[in-house]
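Asks: Quick one, fold the following:
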Amino acid sequence: MLKNWLLYGMVILVFLTFVHLNESPLTYGVLYALFILPIFSFLLARRARNHFYISATLSASLISKKEKAELVVVVENHHFLPYPTACLRLDGNHTGLGIEKKDLYFPLAARGSYETIFHLEGVYRGEYELGIDYLAVYDFLGLFKFKHLHPKRHFLTVTPAVFPIPTLPLDPLEVELETRTSYLHYETSNTVSELRPYQRADSQRQIHWKATAKRGELISKEFQPITKRGVDFFVHNTKISGSPELALKKEDRLMGYVASALEQCSRSRYPITLHYLDSSNPLPPQPATDFATLYREVSRIRFDYKDDFSKLLNNHAQRGQPASHVMVFTHHLDDQLLSGLQRLKMSGNHLVVCTFEGIDEQVANQLSELDVHMIYF
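Replies: Predicted coordinates for the structure are as follows:
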């Protein structure tokens, strides 16, 4: 645009020289027109700037790493004035995405439309906010720029990679009473606790035939729920120090290991509870066994919190929950976190800590004294 102003200024200087050499009503009329023309162009473009309609569609809301997606944008011009050059600018948090171009230039015909595409690629795991920042159009002289804002936003989630990992050091599922179970639906989720006389409401399948034969009367089995020892996943999702690219790489590696551990535990049918810092959800997390649901949740965890992560560990220890497997995925070990790990261990939990290689030797010794299983990635 500066180039156009310089060119227009040179044109005016040339005409001023021409008027000086050849004064006439015609030359003065042309000179006055040159001064008035930018004002006319400005007013015309200003009036037409709100006669646009922008629609954007994301081809997919969930993609894996290295998979591609498209943001398809259609711009409609409802004005009689054509625009030789228009520009769409992509806006939002897209540091973990591969984008060919963030600015796309195209011509826009009078009362016409134009479709263009932003090509995206998943590079790092995370949830990214995308949208059109604005449509920029210029007056027919190219001297003034007008922006048409587009506030609508889209969210593109890049899922973490799931890769083979060594077998996790977790004990088998525990039940309160070891007993033979059958394929019947009520016996796969319950176990026999006692025998009692038969009642009318009892199913025939509840009858204990051996005890009935011995006692000479109908005897039923009383069931109680099986208590399974689940796995609590604690994800240390505070902001990672370092350059933005290095922080994204560490975050991506950590969450890839979380997803891989989730997949292994889901295959073993462990009830899994995800714990992480999340200001948008004040409710306590609930256990789940469906890997697809957990995988989507893990893909959207943000690493922009500055809260004390050790509070999550301390609160869990204070609730007096039954002992379980606890897996802590962390990018940084400090004294506060060590204190939280100690409280979890004292509560009888089976503790596994997953972190990056190269931790302090003194910290490693403290964890060894707590009998904590360490996994490095």
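Asks: contacts and neighbour counts: CA atoms only from here.
Replies: Will do.
Asks: what residue ranges in this structure are flagged as low confidence?
Replies: 1, 92-93, 172-193, 223-228, 282-283 (pLDDT under 70).
Asks: got the domain boundaries for it?
Replies: 1-159, 185-225, 231-376 (automatic domain parsing).
Asks: Other residues contacting the biggest strand by length in the chain?
Replies: In the chain, with assignment by DSSP state E, the single longest strand is strand 126-138. Taking C-alpha atoms under 8 Å, 6 or more residues apart in numbering as the criterion, the residues outside strand 126-138 that touch it are 45, 49, 56, 83, 85-94, 96, 144-160, 299-302.
Asks: Now do the buried residues in it.
Replies: Along strand 126-138, these residues count as buried under the neighbour rule (16 or more other C-alpha atoms under 10 Å): 126-128, 130-138.
Asks: Just the closest of these to residue 350, please.
Replies: When those are ranked by distance to residue 350 (C-alpha to C-alpha), residue 126 comes first, at 29.5 Å.
Asks: one step back: partner strands of the longest strand of the chain, parallel or antiparallel?
Replies: In the sheet containing strand 126-138, the strands it pairs with under DSSP bridges are strand 83-92 (antiparallel), strand 145-149 (antiparallel), strand 153-159 (antiparallel).
Asks: mind saving the C-alpha coords of the shortest one as PDB?
Replies: So the one you mean is strand 145-149. Presented in PDB, the C-alpha positions along strand 145-149 are these (Å, rounded to 0.1, in the frame of the first residue of the first chain):
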ATOM      1  CA  LYS A 145      -7.200  -0.800   3.400                       C
ATOM      2  CA  PHE A 146     -10.400  -1.900   5.000                       C
ATOM      3  CA  LYS A 147     -10.800  -4.900   7.300                       C
ATOM      4  CA  HIS A 148     -13.900  -7.100   7.700                       C
ATOM      5  CA  LEU A 149     -13.600  -9.000  11.000                       C
END
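Asks: For it, report the contacting residues that lie outside it.
Replies: Where contact means C-alpha under 8 Å, 6+ apart, the residues beyond strand 145-149 that reach it are 1, 45-46, 49-50, 52, 132-139.
Asks: Residue 101: which of those is nearest?
Replies: When the contacts of strand 145-149 are compared for distance to residue 101 (C-alpha to C-alpha), residue 132 comes out closest, at 12.7 Å.
Asks: quick one: the closest residue to the closest one other than its chain neighbours from residue 120, how far?
Replies: Leaving aside its sequence neighbours, residue 132 sits nearest to residue 90 (C-alpha to C-alpha, 6 or more residues apart in numbering; 4.8 Å). Applying C-alpha to C-alpha, to the nearest Å, the value for residue 90 to residue 120 is 11 Å.
Asks: ok, now residue 65?
Replies: Relative to residue 120, residue 65 is positioned 11 Å away (C-alpha to C-alpha).
Asks: more crowded one of those two?
Replies: Neighbours per residue (other C-alpha atoms under 10 Å) separate residue 65 from residue 120, with residue 120 holding more: 20 against 17.
Asks: so that one touches residue 97, yeah?
Replies: Yes: in this structure, residue 120 is within contact of residue 97 by C-alpha atoms under 8 Å, at 6.5 Å.
Asks: which residue ranges form the helices in the stretch 51-200 of the chain?
Replies: Listed from the start of the chain, the stretch 51-200 of the chain has helices (DSSP state H, counting those that start in this stretch) covering 185-188.
Asks: Right, I'll leave it there.
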